[in-house]
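Student: Quick one: sequence plus predicted model below, questions after.
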Amino acid sequence: VQLQASGGGLVQAGGSLRLSCAASAFPGWPFNTYAIGWFRRAPGKEREGVLCISSSGETTYYVDSVKGRFTVSRDNAKNTVYLQMNSLQPEDTAVYYCAADAYVCGSMLYWGKGTLVTVSS
């Protein structure tokens with residue numbers, strides 16, 4: 001499975017961005033059987049999980065600070081998952097990655113290259 005995150009950029013605090021994770025090359029299993037997780041690595045920090053959308057569309061948040069600001073959705077017809085980020089704060093600055101796993105997010109089988117999100121104060 002190949003994953004490509006896009007949509008990052010520079011935004012002022014309080015602004016919004018929508019990231020996309022486009023998937024391709026599935027080894028026998030269609031996109032709608034994969035859970036997609038979003039992760040981020042802030043400068044000088046460890047990578048952390050942000051949230052996950054399961055194959056059934058259920059969202060699990062890993063970071064309390066994004067609840068109410070970030071939402072995730074999937075378009076199985078386009079093999080794409082979207083991360084809508086609103087009310088962005090400087091502490092959201094990070095490289096954001098998407099990853100795929102079977103049905104629910106676990107150890108994450110496949111990873112894509114990240115996209116940089118920079119939030120200025």
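Tutor: The structure has been received and is ready for your questions. Owing to the predicted nature of the structure, the values given are computational and were not obtained by experimental measurement. Numbers count the residues shown, from 1 in each chain.
Student: per-residue pLDDT, the most far-flung residue of the chain relative to its centre?
Tutor: Residue farthest from the centre of the chain, counting by Cα atoms, centre = their mean, is Gly28 at 23.2 Å. Looking at Gly28, its pLDDT is 76.
Student: Do a quick rundown of the strands in this protein.
Tutor: Listed in chain order, the strands of the chain (DSSP state E) span 2-6, 9-12, 17-24, 34-41, 47-53, 59-61, 70-75, 80-85, 94-102, 110-111, 115-120.
Student: Out of these, which is the most enclosed?
Tutor: strand 34-41 (a mean of 24; mean count of other Cβ atoms under 10 Å). Bear in mind the C-beta positions are built from the backbone N, C-alpha and C, glycine included.
Student: name the helices or strands packed onto that strand?
Tutor: Helices and strands touching strand 34-41, by 3 or more Cβ pairs under 8 Å, 6 or more residues apart in numbering; DSSP states H and E, are strand 17-24, strand 47-53, strand 70-75, strand 80-85, strand 94-102.
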